[in-house]
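Student: just coords:
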């Protein structure tokens, strides 16, 4: 029984819990479920309780309070090629309540950059398969050289988990770079 998930899809909560009806629920598993719910970052508060019926079947009660998963921060960085870069960075680790991650970066001072990265876990219903899509565009000039440039990129990658610490990753992409200066 899951309560309190106003934004996060029930299926996402079930994937994080990683239990099927009929699975045994010893204390170690109970603790591991609590740890996974706490550590996923989607919830500010997690409470678990159990109730056993006359036949020995256990009902797991999960109560969660949603965490604010969207964060926007100023982007301030010193770069040797461009000096100071100023902009905005934003991230949502539970986009649309589906457990997807979206990162956006916008820079407007010294260079102009727009970059976005989207990750979909549990691709095709599989816990061990994920998809990542990245796209970016940038233009500007170097401080110490007299030329401007423009670039863009698009990348797609798949990750197949083998064990929690081991995975195989494959991807493809395209990048473009164009330089403009006084003698080209």
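Tutor: Looks like it came in fine. Everything numeric here is computed off the predicted structure, so don't read it as measured data.
Student: check the protein and tell me which residue is nearest its centre.
Tutor: residue 101 (2.7 Å; C-alpha atoms, centre = their mean).
Student: now what about stretch 168-183, what contacts it?
Tutor: Contact partners of stretch 168-183, identified using C-beta atoms under 8 Å, 6 or more residues apart in numbering, comprise 132, 134, 145-160, 162. For every residue, glycine as well, the C-beta is placed using N, CA and C.
Student: can you select the buried ones from those residues in ChimeraX?
Tutor: Provided next is the ChimeraX selection string for whichever of those are buried by 16 or more other C-beta atoms under 10 Å:
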select :132,134,149,152,159
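Student: how about residue 50: what's its closest non-neighbour residue?
Tutor: residue 58 (5.2 Å; C-beta to C-beta, 6 or more residues apart in numbering).
Student: how about the one you found: which residues does it bridge to?
Tutor: For residue 58, the residues forming beta bridges with it (DSSP bridges) are residue 52.
Student: quick one: it from residue 22, how far?
Tutor: 10 Å (C-beta to C-beta, to the nearest Å).
Student: cool, residue 143 as well?
Tutor: For residue 143 relative to residue 22 (C-beta to C-beta), the value is 64 Å.
Student: the more surrounded of these two?
Tutor: residue 143 (12 against 6; other C-beta atoms under 10 Å).
Student: so that one is in which element?
Tutor: For residue 143, there is no host helix or strand (DSSP states H and E).
Student: which residues touch the closest residue to residue 82 other than its chain neighbours?
Tutor: Leaving aside its sequence neighbours, residue 82 sits nearest to residue 110 (C-beta to C-beta, 6+ apart; 4.5 Å). Applying C-beta under 8 Å, 6+ apart, we find residue 110 in contact with 79, 82, 83, 84, 85, 86, 140, 143.
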